[in-house]
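[1] 3D model of this:
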Amino acid sequence: MDNEDWSLLFGKQGRHGSYRAAEVRAAPLPYNEETTISMKNPSHQKTNTTTATICNGQKLSEESTDHLVRYVTLVAGIDVRMVFAFLEEYVQMHQKNFKITEESFSFISFVFDGTHFAQFRVSIFSTGEDTGVCLHVLEGTAQDAVTEFWRKLKIALIDRQFVEQPEDDILFDMQNQSEDDDFFASWYSDEEEDIPSLAMPTAPSMPTSAITEPIILQPGYVNNLMEDLQDQNFMMHSILLLAFNCQLQQNLEIISSAGQAQQLFDSIIACLVASAADFCLPIARSASLLVNQLVETGAITITEEQFQVLVNTVAQWTIQNHLGDSETVTQSEEIAQLLTSQLPKLAQFASSSQARKQLEQVYAQVPFQSVRQNIKPLVESF
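    Residues are numbered from 1 along each chain as shown. Just a heads-up that it's a prediction; the model follows:
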C-alpha cells in the first residue's frame, strides 16, 4: 500500500493527530475555564455546559433540558425569588404532604392514585442564561396523577405570566405526555406479566396495576393481606391495597362481620410502630386512613399503649423532625388531620401524662389549623 492509499484510509500523520478512518477535527470552542482545563488535561470530560445562577447568595440547580421530561422556561429576567414564593404558595394550597427546601428553591410532594403513589420534586433550575421550573419523579408509579399536577401547575405559572408558553401548547404537551405515560404503563404491565405472581390463591385475579375502583374484599384475602403487613417486603403493597379498598363501606362491613376489624386495627398500629423511624409517608398515610375508618365502625377497642402510638404518630408528622433530609417529607397535614379527627372519640384512653403533654405541645406548635381544631376539645378537657 502506497502513502496515498494509507493517507486516504487512516489520515495523514503528524498534522492534527491520528484517528481511525477519515481525519476528524474538533470544532473550535470559545475560550473559557473549562476549555483550558480540557486542553491541559486530555482525560478531563466536561459534564455540564450550563452556568450556575446565583440568587440571593444561593445557587440554582443546573439542568440540561435534553434530559428533562417535565419543564418550562421562565420569562427572561424574571425574579426567581418571586417565582419560588409563588411555588410555595401553590403547594401549600393544593397539597397536604410536602416539604419546602428554600436553600435549593424546590419542594417535594406526593400524589396518590388508587393503589399507586408517586413522590416528586419541583425545583427552579438554570440552564445557560435561562431559568426554568422542572419536575422530577423520585419514586412511585402514579404517572397520571403526576401529569395532572404538572398540567395544573404549568397553567398557574402561565396565568401569573412567569411563563410565555400559550395554553394551547400546554394542552398539546399534555397530550404527548399522556401518550408517554401510556407507554410506560404498558411497559410496567409487561414487566409484571413476566414476574411470577406472589399473590395468594384467594387474591382477586385482577392485576394490581389495573385497579382503578375499590373491589370487594373477601375475608380470606383480608387475612392474607394482614399476614403480609408483618413482612417489611410486602407491608407497603398490602397497606395501600387495604386503605384504597376500605374506602368502600361494603368492605368495612365485611371485615367487621367477619370479626377481623380488631385484628386489622392491631396490625395497623404495629405498622405505625415498625415504620416510624423511616418516615415512610405512603405507609403512615394508609395506616391513618384505615384507623380513621375502623374507629368509625365502633367494632374495635383500643389500649392505652395503642392510643400513645397514635399520639406519637401525630407528633411525629407535625412538630418533630420537620427539618431532616431535604428529600424526605416529614410533615403531613393529611396524616395528622385523619388521626386527630378520631382522638376526641378515644378521650377515655388519654389518661397518661405523656400523651397529654404531647397533645398540648402539638396544640401549641402545630402549623396546621385543621389539626389544632380537631384536638382543641381534647386539650381543653385536660
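[2] so where is the stretch 51-200 of the chain shaky, pLDDT-wise?
    In the prediction, the stretch 51-200 of the chain carries residues with pLDDT under 70 at positions 51-58, 166-200.
[3] tell me the strands in it, going along the chain?
    In the stretch 51-200 of the chain, the segments counted as strands under DSSP state E, counting those that start in this stretch are 54-55, 58-59, 61-62, 70-73, 98-101, 106-113, 116-127, 130-140.
[4] out of these, which comes closest to Val295?
    Checking those against Val295 by Cβ to Cβ gives strand 106-113 as the closest, at 21.1 Å. Every C-beta, even on glycine, is put in place using the N, C-alpha and C of the backbone.
[5] Run through who's touching the closest one.
    61, 87-88, 91, 95, 97-101, 117-124, 138, 140, 142, 144-146, 148-149, 281-282, 285, 326-329 (Cβ atoms under 8 Å, 6 or more residues apart in numbering).
[6] Convert that strand to PDB, retaining C-alpha atoms only.
    Written as PDB, here are the backbone C-alpha positions of strand 106-113 (Å, rounded to 0.1, in the frame of the first residue of the first chain):
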ATOM      1  CA  SER A 106     -37.500  23.300  45.500                       C
ATOM      2  CA  PHE A 107     -40.200  21.300  47.100                       C
ATOM      3  CA  ILE A 108     -41.100  17.600  47.200                       C
ATOM      4  CA  SER A 109     -44.500  16.200  47.500                       C
ATOM      5  CA  PHE A 110     -46.700  13.100  46.900                       C
ATOM      6  CA  VAL A 111     -49.700  12.200  44.800                       C
ATOM      7  CA  PHE A 112     -51.900   9.100  45.100                       C
ATOM      8  CA  ASP A 113     -53.900   7.300  42.500                       C
END
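[7] Show me what that strand pairs with in its sheet, parallel or antiparallel.
    Sheet pairing of strand 106-113 (DSSP bridges) gives strand 98-101 (antiparallel), strand 116-127 (antiparallel).
[8] what sits against Phe84?
    Contacts of Phe84 (Cβ under 8 Å, 6+ apart): 102, 105, 124.
[9] Of those, select the buried ones using a ChimeraX command.
    A single ChimeraX command selects the buried members of these (16 or more other Cβ atoms under 10 Å):
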select :105,124
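[10] picking that back up, tabulate the strands of the stretch 51-200 of the chain (CSV), appending distance to Ala347.
    Formatted as CSV, these follow (distance: least, Cβ to Cβ, whole Å):
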stretch, distance to Ala347
strand 54-55, 49
strand 58-59, 47
strand 61-62, 48
strand 70-73, 46
strand 98-101, 31
strand 106-113, 30
strand 116-127, 33
strand 130-140, 37
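[11] and of these, who's closest to Gln262?
    strand 106-113 (26.7 Å).
[12] Now do that closest one and strand 130-140, the angle between them.
    Counting by axes from the mean of the first three to the mean of the last three Cα atoms, to 10 degrees, strand 106-113 points 40 degrees away from the direction of strand 130-140.
[13] which residues of the stretch 1-150 of the chain fall in helices?
    3-10, 33-40, 80-94, 143-159 (DSSP state H, counting those that start in this stretch).
[14] Report all helices and strands that the longest one contacts.
    I take that to be helix 143-159. When contacts are defined as 3 or more Cβ pairs under 8 Å, 6 or more residues apart in numbering; DSSP states H and E, helix 143-159 sits against strand 70-73, helix 80-94, strand 106-113, strand 116-127, strand 130-140, helix 167-194.
[15] Recalculate using a threshold of 7 Å.
    Secondary-structure packing of helix 143-159 (3 or more Cβ pairs under 7 Å, 6 or more residues apart in numbering; DSSP states H and E): strand 70-73, strand 106-113, strand 116-127, strand 130-140, helix 167-194.
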